[in-house]
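A.B. asks: give me a 3D structure for the following:
(one chain, ligands or ions: 2)
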Amino acid sequence: MTGTTLSEYESRARELLPGPVWDFLAGGSGTESAVSAGRAALDRVRLRPRVLVDVSACDTRCSLLGAPLAAPVGIAPMAYHRLVHPEGEVATARAAGDTGALFTVSMFASRTLEDIAAAATGPLWLQLYWLRRREQLTGLIRRAEDAGYRALVLTVDAPRVAHRPRDARNGFAVPAGIRAVNVDASVMSASHGGTAGESAVARHSREQFDPSITWADLAWIRERTALPLVLKGILTGEDALLAVEHGVDGIVVSNHGGRQLDCAIPAADALPEIAEAVADRCRIILDGSIRHGTDIAKALCLGAHAVFVGRPALWGLAHSGSEGVSAVLRGLSNEFDEAMALMGAVRVEDFDRSGIVHH
Ligand SMILES: Cc1cc2nc3c(=O)[nH]c(=O)nc-3n(C[C@H](O)[C@H](O)[C@H](O)COP(=O)(O)O)c2cc1C
Ligand SMILES: O=C(O)C(=O)c1ccccc1
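C.D. replies: Ligands and ions are numbered 1, 2, ... in the order given. This is a model prediction of the structure:
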């Protein structure tokens, strides 16, 4: 990673960012046990390399729902990139384009969908939470289509934002001047109303997210767009099967980086039963604690087609803007390329369950 390791990006970001912003990035819900469990789950997976395979031309490229990628890597949707860098999502989009990564833009992005699209040279997806005010969703879907976004990601593990002790203690609110510019100001004014005991983000999500939606409501989105639909936050084979039965194009196996259900099963532990239930009928993406090229290899062996990287992209952005995000993504891709060579995998599709043991 051009001399700077990922953990150096992390520690530099921690030094640079105000304490409450760092806590918002790093923190989880409840006991925060689902944050560390995500890492522990990947650490329990060990790789089984094959040797004497011609690896003189490993190919890290793949395609995900029609999007060509330099490696099976995307940036997870994360709110408010301007919290860590003034250019925000525009800088992140440039880096994703430069490195051939997918960028999933959060509904609570701090730059407009159109500005992000103008800076992007690679594929963009848009993530949505289901708001009580459905006309806001209709507007976002139409704007995403017009700006060339290639899929919608509906996050389903957050009927509301969970209680996050660090944010509550800090009375965290998004600083004045940073806004979720793509939604009506009255939808997410998370810059107001942080109080000791509850963050503004948690309070506004309770007011604005629709907690009553069910599988039957997916038809409402389908009727409004021909874009592929991906559900983010699936952790069981049962729900993966329902997702397939409801015709979704992809799922993100995720415990939301340990930020939603405390003690939720780590994505890596959930993946085998999900891959079995899905049986190749939709795309599977894993996120949570992906920090090394070998983590990507492990996710593919467990049944994922690609991974999303969350916090490390923001560490890179805080460190040095677009350059920092590019360096973080390039570092991961280079490590993945090496993992392929040392695993005896020539193509991304060569990874399967025979590549791992799981303790
Ligand atoms: C600061 C921050 C903001 C996030 N915002 C969103 C969001 O707006 N929508 C969403 O679906 N997930 C959001 N997530 C969750 C990420 O998409 C992802 O699931 C998680 O961060 C992956 O774990 P990792 O950070 O360990 O890589 C957020 C995560 C962080 C750290
Ligand atoms: O999804 C999240 O983890 C998150 O932090 C968030 C931030 C702003 C609005 C909604 C969720």
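
A.B. asks: what separation do you get for whichever residue of the chain sits closest to ligand 1 and residue 228?
C.D. replies: Closest approach of the chain to ligand 1 (CB to the nearest ligand atom) occurs at residue 310, with a separation of 2.5 Å. For the C-beta atoms, the positions are set from N, CA and C on the backbone; glycine is no exception. Residue 310 sits at a distance of 21 Å from residue 228 (criterion: CB to CB, to the nearest Å).

A.B. asks: what of residue 175?
C.D. replies: From residue 175 over to residue 228 the distance is 35 Å, taken as CB to CB.

A.B. asks: what's the answer for residue 139, then?
C.D. replies: With the distance defined as CB to CB, residue 139 ends up 20 Å from residue 228.

A.B. asks: mind checking which of those two has more residues around it?
C.D. replies: Between residue 139 and residue 228, counting by other CB atoms under 10 Å, residue 228 is the more crowded of the two (19 against 14).

A.B. asks: tell me which residues in the helix or strand bottoming out on mean pLDDT in the chain are buried?
C.D. replies: When the helices and strands of the chain are scored by mean pLDDT, DSSP states H and E, helix 200-208 comes last with a mean of 90. By 16 or more other CB atoms under 10 Å, the buried positions in helix 200-208 come out as 200-205, 208.

A.B. asks: what's downstream of it, the next helix or strand?
C.D. replies: For helix 200-208, the succeeding helix or strand toward the C-terminus, using DSSP states H and E, is helix 218-222.

A.B. asks: how about the residues of this structure by ligand 1?
C.D. replies: With CB under 6 Å from any ligand atom as the criterion, the chain comes near ligand 1 at residues 24-25, 76-79, 106, 108, 127, 155, 232, 254, 256-257, 259, 287-290, 309-311.

A.B. asks: ok, which of those also contact ligand 2?
C.D. replies: Of the residues in the residues of the chain next to ligand 1, proximity to ligand 2 by CB under 6 Å from any ligand atom holds for 79, 108, 256, 259.

A.B. asks: what distance do you get for the residue lying closest to residue 84 once chain neighbours are set aside to residue 82?
C.D. replies: With CB to CB, 6 or more residues apart in numbering as the criterion, residue 84 has its nearest non-adjacent residue at 4.0 Å, and that residue is residue 318. When distance is defined by CB to CB, residue 318 is 11 Å away from residue 82.

A.B. asks: these two - which one has more neighbours?
C.D. replies: Neighbours around residue 318 and residue 82, counted as other CB under 10 Å, are more numerous at residue 318. The numbers are 25 against 22.

A.B. asks: who's in contact with the residue nearest the centre of the chain?
C.D. replies: Closest to where the C-alpha atoms of the chain average out (CA atoms, centre = their mean) is residue 76, at 2.0 Å. Residue 76 makes contact with 104, 254, 257, 287, 308-310, 313 under the criterion CB atoms under 8 Å, 6 or more residues apart in numbering.

A.B. asks: so which of these belong to strands?
C.D. replies: Of the positions in the contacts of residue 76, 104, 287, 308-309 sit in strands, assigned by DSSP state E.

A.B. asks: which single one of these is nearest to residue 297?
C.D. replies: Distance to residue 297 across those (CB to CB) is lowest for residue 309, with 14.2 Å.

A.B. asks: show me what contacts the residue nearest to the closest one when sequence neighbours are not counted?
C.D. replies: Spatially, and ignoring its direct neighbours in sequence, residue 309 is nearest to residue 290 (5.1 Å; CB to CB, 6+ apart). Under the criterion of CB under 8 Å, 6+ apart, the contact list for residue 290 reads 42, 296, 299, 307-310, 312, 332.

A.B. asks: pull the number of nearby residues for the residue of the chain closest to ligand 1.
C.D. replies: By other CB under 10 Å, the residues close to residue 310 number 19.

A.B. asks: in terms of contact, does it touch residue 257 like I think?
C.D. replies: Yes - with contacts defined as CB atoms under 8 Å, residue 310 counts as touching residue 257 at a distance of 5.2 Å.

A.B. asks: what about residue 41, distance to residue 115?
C.D. replies: Relative to residue 115, residue 41 is positioned 37 Å away (criterion: CB to CB).

A.B. asks: oops, could you answer that again for residue 268 instead?
C.D. replies: Taken as CB to CB, the spacing of residue 268 relative to residue 115 amounts to 35 Å.

A.B. asks: which of the two has more neighbours?
C.D. replies: Between residue 268 and residue 115, counting by other CB under 10 Å, residue 268 is the more crowded of the two (28 against 17).
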